[in-house]
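Asker: Mind looking at a prediction? Sequence and model below.
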Amino acid sequence: MNYIEHIGIAVKDLDEANKIYKAILGSENYKTETVESEGVDTSFFKIGESKIELLAATRQDSPIAKFIEKRGEGVHHIAFNVSNITSEIERLKKEGFVLLNDFPKEGADNKLVAFMHPKSATGVLVELCQEKPV
Ligand code: ZN
């Protein structure tokens, strides 16, 4: 794993959260994107080499809606940049970690992503992400 690519934060109201993070970071978000398959609207802020990804549910059965219902707004996941997501998935599975995705899937911000189960990572939802080859 190379570095923390972004931290994902579950929010109820994306417009409201955009204002808050604009005020905290002193910069505008650089993109918004809807990931239909996950039922989320996302908004990205750059902060040095890392990013903040705000996530708001677009429907009731979205994982973000469920997360907020259970735990309220807050940190949802930490994403690590990897060079080869397929080999990282295989490596972690061999180490005995539980992956939520056996194969990489399309994520926001031009990434291939896979998630590790929080139970195998001290309660933290870990995302692996690789820049999509162009
Ligand atoms: Zn993410």
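Answerer: Alright, I've got the coordinates.
Asker: So is the least confident helix or strand in the chain by mean pLDDT next to the ion?
Answerer: Least confident element among the helices and strands of the chain, by mean pLDDT, DSSP states H and E: strand 105-107 (a mean of 90). No - using Cβ under 5 Å from the ion, we find that strand 105-107 stays clear of the ion, coming within 6.4 Å at best. Every residue, glycine included, has its C-beta placed from N, CA and C.
Asker: Can you tell me what sits against that strand?
Answerer: With Cβ atoms under 8 Å, 6 or more residues apart in numbering as the test, strand 105-107 has contacts from 35, 37, 112, 113, 114, 127, 129.
Asker: Each with direction, which strands does that strand pair with?
Answerer: Using DSSP bridges, the strands paired with strand 105-107 are strand 111-116 (antiparallel).
Asker: export the partner strand as PDB, just CAs?
Answerer: This file holds the C-alpha atoms of strand 111-116, laid out as PDB (Å, rounded to 0.1, in the frame of the first residue of the first chain):
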ATOM      1  CA  LYS A 111     -10.700   4.400  -9.500                       C
ATOM      2  CA  LEU A 112     -10.900   0.700  -9.200                       C
ATOM      3  CA  VAL A 113     -11.800  -0.100  -5.600                       C
ATOM      4  CA  ALA A 114     -12.300  -3.000  -3.200                       C
ATOM      5  CA  PHE A 115     -13.300  -3.000   0.500                       C
ATOM      6  CA  MET A 116     -12.200  -5.000   3.400                       C
END
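Asker: Thanks again, I'm all set now.
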